[in-house]
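A.B. asks: quick one: sequence and predicted model below, then my questions.
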Amino acid sequence: MLDCVAMDVKALADLHEELRVCRLCLVKGFAIVPGAVFRGKAGARVMVVGQAPGVTEVEAKRPFNAGSGRRLFQWLEAAGWQEEQFRAEQYMTAVTKCYPGRSKNGKGDRVPSRAEQRLCRPFLDRELAIIRPKLLILVGRLAIQLVYPARLRLDEIIGTAVYFPPASLANPANLTWEAGECLTRFEPERSPNGRWVVPLPHPSGASLWPNKPQNQVLITHAIDLLRQIREAWGL
Ligand code: SF4
C-alpha cells in the first residue's frame, strides 16, 4: 500500500501529466499558447502563485523566468531564500498555466479572462490539495484575488498577510477571505498547522507600482512578513 508521501508524489505526477496535455482553453476558443508552465515537487512547503506565464516562461518551461523572476527573487532573497534552492525545493505555479498571448493594446500580456480562470481553477485546487503549502505567496492582482476581495486597493493589501487556522484547511483548497484572518504583523503564537498567505505586487517591469517610494515601504513590510514566517516555521 502507498504511504502518504508516495500518494502525493503519484497524485502530483498524474496532475502534471494532465496539465502538459491540457488544451481546454483552446477548445473553448481562447487564444492561449498551450503548454502549461509550473515547477515543483510534492513535499514543497511554500507555493508561489502568479498570474500566468509569459512567453519566456513558456520557452524555458520555468515560472518567473526572466525580468519578473529577477525582481521576484530579489524580494524572496531579501526574505532569506536563495533562488536556486527555492526553485529546487518549493512549488511555483499560476492562476492560469498557459501563455495568454499579448494584450490587444500591445502593452504587456493579455490578462486571462474570468472564463479561463474558471477553466484552470480545478488544477490549482488540486495543486493546493496535494502540496498543502504552509505559506502561499500570491504574486500580482489576479493571484491576490484568489483570497483578497477585489474591492481592496493594492496599497491596502501589500504589507498584510492572511492567516488560515488549521480548522479552515479541512478542505486544503479553501482560500476564502472569510475563512482567514487578515493581519498586518506576523503572530508567532499562531498554530504551525495553519497556513499563511502573503501577497506581493506583480514583479514585471510593465508594472510601475513597485517603483513608487510609498509602495516600496509596503513591499519592504511584506518581505519582512515573509522573513519572519520563514524563520519561525523553518521554511
Ligand atoms: S490555461 Fe489551464 S485550463 Fe487552460 S489550457 Fe492551459 S492548463 Fe488547460
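C.D. replies: Perfect, I can see it now.
A.B. asks: let's verify the most centrally placed residue in the chain: helix, strand, or coil?
C.D. replies: Per CA atoms, centre = their mean, the C-alpha nearest to the average position across the chain is that of residue 49, at 1.2 Å. With DSSP: H, G, I helix; E, B strand; the rest coil as the basis, the three-state label of residue 49 is strand.
A.B. asks: residues of the longest helix along the chain that come out buried?
C.D. replies: Ranked by residue count and defined by DSSP state H, the top helix of the chain is helix 213-233. Of all the residues in helix 213-233, those buried under the rule 16 or more other CB atoms under 10 Å are 215, 218-219, 221-223, 225-230, 233. Backbone N, C-alpha and C define where each C-beta goes, glycine included.
A.B. asks: same check on stretch 164-175?
C.D. replies: Under 16+ other CB under 10 Å, the buried positions of stretch 164-175 are 164, 168-169, 172, 174-175.
A.B. asks: next, format those residues as a markdown table and append pLDDT and secondary structure.
C.D. replies: Formatted as a markdown table, the buried residues of stretch 164-175 follow (pLDDT from 0 to 100; DSSP: H, G, I helix; E, B strand; the rest coil):
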| residue | pLDDT | secondary structure |
| --- | --- | --- |
| 164 | 96 | strand |
| 168 | 89 | helix |
| 169 | 87 | helix |
| 172 | 64 | coil |
| 174 | 76 | coil |
| 175 | 85 | coil |
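A.B. asks: any low-confidence regions in the chain?
C.D. replies: 1-2, 172-173 (pLDDT under 70).
A.B. asks: where along it do the helices fall?
C.D. replies: 4-21, 24-27, 55-60, 67-78, 83-89, 114-131, 141-144, 154-157, 213-233.
A.B. asks: fine, thanks again, bye for now.
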